[in-house]
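[1] Build me a structure from this.
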Amino acid sequence: MHETRRAALAGLIVASFACASAAAQEIKLTLADQNSPTGWGPSHALQPWVKQVEEATKGRVKIEVYPSQTLIKGVDRWKGIRGGIADIGWCVQGYWPEQTPLSDVMSLPFLPISSAEKGSEALWKLYEKFPSMKKEYSEIEPLLLYTSSPNLLVSKRPVKTLDEFKGLKWRVLGGPPTEMAKALGAVPTLIPMPDVYQSLDKGVVDGAAAPWEAVQAFRLYEVARNYTMAPFYVAYFSLCANKQKFQSLPQDVRSAIMSVSGLAGAKFWGRNFFDTAEQGVIERAKAGNYELNRYQVPPDELTRWTKIAGEPIWNEWVKKMEGKGHANAREVLNTALDLLKN
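    Numbering: from 1, shown residues only. Next comes the predicted model:
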């Protein structure tokens, strides 16, 4: 009798140790990034977020980052995460415009986006509010969505009024930004961001649309001194996980990861990846003795630009989305405007 009890007790002890061991077992996740680990965004957002995840999970989760497209090329990231090549990936949603068409509302020109933190907050709240937007990400598990800060006009000559856009050779993205440039009277030019430095230096373009993070990363302050500050447009990004991998994690681990992701994570990434980069540019320019002429477009002039090159493109976007079966496109746009204004 006593031996039976001792055997049962020993069994319980072994089982409890096994459970404790399993609970404490380290979970390793891979993360595919396309940026240099020394860049502003990875240094100020990605790497701190990885530490936040480790702290939130009490050390149970360790994330191994593969930077500079070493694991998955940027244009293949969505497919690679969906297929399980990496557990988590940093995605530029602009690579796949047909994948998340309603989310593209955030990239329309002249939305009242004051900062990347505010834009990121609005994007995540749109995602939470509209099932049709959630459906756009159904193939993967979005941990957070965030936007860039507004693209500035980085130019060799000052641009302060509508008339000064006329004939300006302006590097912008395709789609609505190109239509925006045309409406303002500029000549849109499609050039990859890594080529912008030389294009400005050689006079191939007169100006380029870029957020402060890109100005810092590509040292554009060395070849252009004028910065027209207006919410021309933003890009948006996702940090997404393989759906099957994420769902296989223990519930408490998933909850811990989302405690530093979701809305809080979106705002953190927007602020630290993009908003803080302006100060980085100021410090670098000062250290190199480069002149920075920052010009904040006055409200009256900004309203004029928005009426000409913003609102007509918004309405065209709604018409296009409705034509593709997205009956709530107008509601999505109006909700985005309300979130950004409040």
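[2] did I read that right, K28 in a strand?
    Yes. K28 forms part of a strand when assessed by DSSP: H, G, I helix; E, B strand; the rest coil.
[3] ok, now which ones touch it?
    V61, K62, I63, E64 (Cβ atoms under 8 Å, 6 or more residues apart in numbering). Any C-beta I mention is one placed from the backbone N, CA and C, and that applies to glycine too.
[4] The second one: what's its closest spatial neighbour, skipping adjacent residues?
    It refers to K62. K28 (5.2 Å; Cβ to Cβ, 6 or more residues apart in numbering).
[5] which residues are contacting stretch 54-65?
    Residues outside stretch 54-65 that contact it (Cβ under 8 Å, 6+ apart) are 24-31, 33, 37, 42, 46-47, 50, 53, 88, 253, 256-257, 259-260.
[6] Now list the buried members of these.
    Using 16 or more other Cβ atoms under 10 Å as the burial test, these include 29-31, 33, 42, 46, 50, 53, 88, 253, 256-257, 260 as buried.
[7] Dump the residues you listed into TSV; add secondary structure, distance to N242 and pLDDT as well.
    Shown next, in TSV, are the buried ones among the contacts of stretch 54-65 (DSSP: H, G, I helix; E, B strand; the rest coil; distance: Cβ to Cβ, whole Å; pLDDT from 0 to 100):
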residue	secondary structure	distance to N242	pLDDT
L29	strand	9	98
T30	strand	10	98
L31	strand	11	98
D33	coil	15	96
P42	helix	21	95
L46	helix	18	98
V50	helix	17	98
V53	helix	16	98
I88	strand	8	98
V253	helix	15	98
A256	helix	18	98
I257	helix	13	98
V260	coil	19	98
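[8] Can you add distance to Y221 and give those back as a markdown table?
    Formatted as a markdown table, those follow (distance: Cβ to Cβ, whole Å):
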| residue | distance to Y221 |
| --- | --- |
| L29 | 37 |
| T30 | 35 |
| L31 | 30 |
| D33 | 25 |
| P42 | 20 |
| L46 | 23 |
| V50 | 29 |
| V53 | 33 |
| I88 | 33 |
| V253 | 43 |
| A256 | 40 |
| I257 | 37 |
| V260 | 33 |
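[9] with these in mind, which one is nearest to K267?
    Nearest to K267 out of the buried ones among the contacts of stretch 54-65 is V260 (Cβ to Cβ; 11.2 Å).
[10] Excluding covalently adjacent residues, which one is nearest to the closest one?
    Nearest non-adjacent residue to V260 (Cβ to Cβ, 6+ apart): Q52, at 4.1 Å.
[11] Just say helix, strand or coil for the one you found.
    helix.
[12] number of nearby residues for it?
    By the measure other Cβ atoms under 10 Å, the count of residues near Q52 is 18.
[13] 147 is where my numbering starts, stick with that
    New numbering, starting at 147: the last item is Q198.
[14] what's the pLDDT at the residue nearest to K208?
    pLDDT for K174: 98.
[15] Quick one: mean pLDDT over stretch 246-262.
    Per-residue scores along stretch 246-262 average to 96.
[16] Could you list the buried residues of it?
    246-259, 261-262.
[17] same deal with stretch 384-399?
    Applying 16+ other Cβ under 10 Å to stretch 384-399 flags S384, L385, C386, A387, N388, K389, K391, F392, L395, V399 as buried.
[18] Sort out which of the residues you listed are in helices and list them.
    Counting by DSSP state H, the buried residues of stretch 384-399 place K389, K391, F392, V399 in helices.
[19] quick one on the thing from earlier: pLDDT score for the residue nearest to V406?
    pLDDT, Q198: 98.
[20] which residues does the residue nearest to the spatial centre of the chain contact?
    In the chain, the centroid-proximal residue (Cα atoms, centre = their mean) is F383; its distance is 3.1 Å. For F383, the contact set (Cβ under 8 Å, 6+ apart) comprises W236, C237, V238, Q239, L291, Y292, T293, S294, W415.
[21] now do 7 Å
    W236, C237, V238, Q239, Y292 (Cβ atoms under 7 Å, 6 or more residues apart in numbering).
[22] Only whichever of those residues are buried, select them in ChimeraX.
    Selection of the buried residues among the contacts of F383 in ChimeraX, burial being defined by 16+ other Cβ under 10 Å:
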select :236,237,239,292
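[23] Show me the contacts of F383 that map onto strands.
    Among the contacts of F383, DSSP state E puts W236, C237, V238, Y292 in strands.
[24] Could you export those residues as TSV, including distance to V361 and pLDDT?
    Converted to TSV, these look like this (distance: Cβ to Cβ, whole Å; pLDDT from 0 to 100):
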residue	distance to V361	pLDDT
W236	20	97
C237	23	95
V238	18	91
Y292	19	98
